[in-house]
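Asks: Fold the following, please.
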Amino acid sequence: MQFARFLLVASTALLLGLLSHAEGHISERVREIVQGMTLKDKAGQMTELDLAIAMNWADKTVDEAKLRTFIREHRLGSFLNSPLAGDGPGVWTAKEWRQAMYTIQHIAKEEGVLPLIHGLDSVHGANYVKNATIFPQQHGLGATFNPVYAYEMGRVTARDTMAAGVQWIYGPILDLGVNSRWPRMYETFSEDPHVVSVMGVEVIKGIQGFKHANMTSAACMKHFIAYSATSTGQDQAPVLLDPRDVANYYLTPYRAAVKAGIRTAMESYQEISGVPVVSSHEYLKDMLRYEIGFHGMLVTDYGEINALHGEHAVVATNREAVKMAMEDTSIDMSMTAWDLDFARDLIDLVEKGELPMARVDESVERIVQLKEDLGLLDHPYELVGNESPLDAKVGSMEDKRLALEAIRESITLLKNEHNVLPLDLKRVYNILVVGPTADSLTCQSGGWTMHWHGPIGDDEFSYGTTLLGALMSMAATGSTVDYLPGVDLDGKFVTDKKKLADRARDADLIIAGLGEGAYAEASANILDLVLPIGQEEMVVWLAQASTAPIITVLFEGRPRLLGRIPALSAAVLHAYLPGPDGGLGVGEILFGSVTPSGRIPFTYPKHQNGPILTYFHKLRQRDYNVEWEFGTGLSYTSFAYDMPRITSGPTTDEYNPVEISVRVRNTGKRAGKHTVMLFGADVVRRITPEVKMLKAFNKTRDLQPGETQTVTFTLDPMEDLAFYGVERHKVLEEGDWLFGLGEKVDCRKDPKACLKLTVKLSSGYAPVCQAVCTAWGRVHLACAPVLGSENNGTIPGSKQMGEVVPNLGGSHHDSCMATCAQQGFWRWDMADCLRDVVMEPRMLCRQVKNVCVYPF
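Replies: Residues are numbered from 1 along each chain as shown. All right, here's what the predicted structure looks like:
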């Protein structure tokens, strides 16, 4: 009976959510607006151009004549990007942004076009707005293991981007950082699906929760899906994955984002097993819309529909590409960027009867609904006035303090031989600073900072402290701090070796800033993950010339192979790409005014065969010899775990939550924060289980020596213990789980050191019946408008589960479940068939009894 109540509550909640979408998500006002639009207006709403196409480059402002032509002739719905994102100098202030946005909205109003929505890659702060606060890149934010900073970054990003008159933010990035060669590695939070989910949700809450006057913002989850899973590490390269693996790992953050209310999504550049994502029914309909229930607006990535012809070569013309994308997916807006053929081809397809107007209306309704939700329809000028009260907050000291706090908690101490750190603030040192990243705000900040490929130079920053600058200001009076770069980013020696050796011989401390320059996307593809060899040779040269301890600080967007550097270094810190104040944060860690608490959010490889190794590998992946394991992070203090236990009891079923608690005690002599990681291992599973998977994490407050904090984790069996099985549906199996604490835990090797939980499913657990009956409920909702239009819009039936289509059966969940239990032959493919009906109602609703097994 308890299980039956659970099913009733779950199914009712699901169907009420579907009903809300079917009847209320698109407002009547929006429907009326769309119905009153011409086909040309609709095609324009579905078109997004790069703003650079309408620029006056002489004075770096928008060209009103060009804008008017584009808006008048093509009825545009959207622009994107910073027109100054290229390689030339210059960054718009918030006021300059507003002037451009005002011009666009004013022309749109004069030309009778709906207000345009502008999209911007504000991915670590409002990085395209001059003087805005820059936060750590996402991999650094992930290293904090502190969701508070993800939320705050989202909030500040939304506010500063809205100060620029822009309400659509292309973030968070929900890709998994699973290939170290991938040049977008730094844009990910982690290799771990749970970390990405938690941090991504908080960014979404921060972005979409900020409101100013009548306006708010839309976050955009990207890049759907498995974009990062290339086996070569090359950006945009093909991906070979089974849909089951996609669902078990890569789908997890997107499901969490949808539950958090994400408003928009962006598909990805690559193909999966031969099918470009931009043309994939399986991923952009079945998985995105049906499986995780995303009802928001879906945009392509840059020029991707045309790429079906030009790069993917799956169609012969751009027109065929438009037809394929519209027929096979649920894409709403084409980021055509510089091309206007999309709208022309779309119009031609509809006019010639090759694409139904209803398909266009679906997308335009979602686009216009987004504009209504953000306040654009009613208040197009609210954010684009000459003056804005938000200006006073852009780049405020409070924002910089937040970013610095995130930096402090991200910096990860990976090695500390003989406790060489922290340095003594009172000691007079003779310090030699070397390396190409030690005196560079650009290297500290990375790509997507003021420009696509990163800053043109350090003079573009309005604030910041390099590592060298921090050391010079923090070292005790009388200390000597000299800088010799040694080598450049490519590893070429730019300092005379003898001079370098002589200075190293006199030093009592050598600090090396190593790593990468700024870059973005495919232009930074590499074939060899080894750090430019000259950087390693410099460290070897210094180690041979001097007995001074070498402290290595890494500023890099992806984990490059370090060779002999870790062994020759007394200490290693990973600073990721922390932003302009990263040097200050590292200095505070070095001199001990801050105790390090960051943890590396990915596996750091040691060998050339390691770039695709993740900690959650399968049991027969026996070679896991890496430089540093996922979750590694040292401190200047120590912690102990006391009384770990499963407080909810040793068994659970499919609906009772699991509670696990532990007491964390600071056993050292300094205050510090500590991230508790809870790993789970499914002992036996029909689909080969991982060695372990992170199930939860929690960062303590700043614990004083001897202080204790109790940490409690709550797991939902159907979310946290279930998996996509042989039939590619989510199931929960009976059996044992082992739970352990800490990044080093291996419950399979040492089960006695872990907590055992047994899953015993209730007699009423019927996942096939649940999936099929839920699908029938969704069929009724999807088919009611289609079949109702044939009966003058009147459909008899009950409102219990939404509009009920007569003579279909299966409309009442309880009776459907009873029928399933009685008949006993229902299969997963019945649910799959009904899913197809829901995704293609115009084509299949009239034939549902013929195309699907009909059990009623």
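Asks: buried stuff in the longest helix along the chain?
Replies: Using DSSP state H to define each element, the chain has its longest helix at helix 767-788. Under the neighbour-count criterion of 16 or more other C-beta atoms under 10 Å, helix 767-788 has 767-787 buried. Bear in mind the C-beta positions are built from the backbone N, C-alpha and C, glycine included.
Asks: low-scoring pLDDT stretches of the stretch 751-856 of the chain, where are they?
Replies: Scanning the stretch 751-856 of the chain for pLDDT under 70 picks out the ranges 788-811.
Asks: Helices of that one, start to end?
Replies: Applying DSSP state H, counting those that start in this stretch to the stretch 751-856 of the chain gives helices spanning 767-788, 813-823, 828-839, 841-844, 848-851.
Asks: what angle do the longest one and helix 828-839 make?
Replies: Put plainly, it is helix 767-788. 30 degrees (axes from the mean of the first three to the mean of the last three C-alpha atoms, to 10 degrees).
Asks: just how off-centre is helix 767-788 within its chain?
Replies: 31 Å (C-alpha atoms, centre = their mean, to the nearest Å).
Asks: Could you do the last one as well?
Replies: How far helix 848-851 lies from its chain's middle: 39 Å, per C-alpha atoms, centre = their mean.
Asks: who touches it?
Replies: Helix 848-851 is contacted by residues 779, 783, 808, 833-834, 836-837, 844, 854 when judged by C-beta atoms under 8 Å, 6 or more residues apart in numbering.
Asks: most surrounded residue in these?
Replies: residue 834 (27 neighbours; other C-beta atoms under 10 Å).
Asks: Not counting its neighbours along the chain, what's nearest it?
Replies: residue 775 (3.6 Å; C-beta to C-beta, 6 or more residues apart in numbering).
Asks: Surely the one you found touches residue 828?
Replies: No. Counting by C-beta atoms under 8 Å, residue 775 does not reach residue 828; the two are 10.5 Å apart.
Asks: Identify all contacting residues around stretch 588-596.
Replies: Defining contact as C-beta under 8 Å, 6+ apart, one finds that stretch 588-596 is touched by 408, 411-413, 421-423, 425, 470-471, 474, 511, 551, 573, 585, 633-637, 670-673.
Asks: Please name the residues that touch the nearest residue to residue 136 once chain neighbours are set aside.
Replies: In this structure, residue 136 finds its nearest non-sequential neighbour in residue 578, 4.7 Å apart by C-beta to C-beta, 6+ apart. Residue 578 makes contact with 136-137, 140, 407, 410-411, 444-445, 555, 585-586 under the criterion C-beta under 8 Å, 6+ apart.
Asks: how close does residue 578 sit to residue 410?
Replies: According to C-beta to C-beta, to the nearest Å, residue 578 and residue 410 sit 6 Å apart.
Asks: Can you work out which residues contact both of these two?
Replies: Residues touching both residue 578 and residue 410 (C-beta under 8 Å, 6+ apart) are 136, 140, 585.
Asks: Can you lay out those as JSON lines showing distance to residue 665?
Replies: As requested, the shared contacts of residue 578 and residue 410 are exported to JSON lines (distance: C-beta to C-beta, whole Å):
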{"residue": "136", "distance to residue 665": "29"}
{"residue": "140", "distance to residue 665": "28"}
{"residue": "585", "distance to residue 665": "27"}
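Asks: Just send the residues you listed back as a markdown table, with neighbour count and secondary structure too.
Replies: Listed next are those as a markdown table, based on neighbours: other C-beta atoms under 10 Å; DSSP: H, G, I helix; E, B strand; the rest coil:
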| residue | neighbour count | secondary structure |
| --- | --- | --- |
| 136 | 33 | coil |
| 140 | 32 | helix |
| 585 | 29 | helix |
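Asks: what are the ranges of the strands in the stretch 301-450 of the chain?
Replies: Ranges of strands in the stretch 301-450 of the chain, per DSSP state E, counting those that start in this stretch, are 334-337, 412-416, 430-434.
Asks: So for residue 171, which of those sits nearest?
Replies: Closest approach to residue 171 among the strands of the stretch 301-450 of the chain (C-beta to C-beta): strand 334-337, 15.1 Å.
Asks: which secondary structure elements does the closest one contact?
Replies: strand 47-50, helix 304-310, helix 341-351 (3 or more C-beta pairs under 8 Å, 6 or more residues apart in numbering; DSSP states H and E).
Asks: circling back: turn the helices of the stretch 751-856 of the chain into CSV, including distance to residue 259.
Replies: As requested, the helices of the stretch 751-856 of the chain are arranged in CSV below (distance: least, C-beta to C-beta, whole Å):
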stretch, distance to residue 259
helix 767-788, 17
helix 813-823, 21
helix 828-839, 19
helix 841-844, 24
helix 848-851, 29
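Asks: Relative to residue 93, which of the ones you listed is closest?
Replies: Closest of the helices of the stretch 751-856 of the chain to residue 93 is helix 828-839, at 45.4 Å (criterion: C-beta to C-beta).
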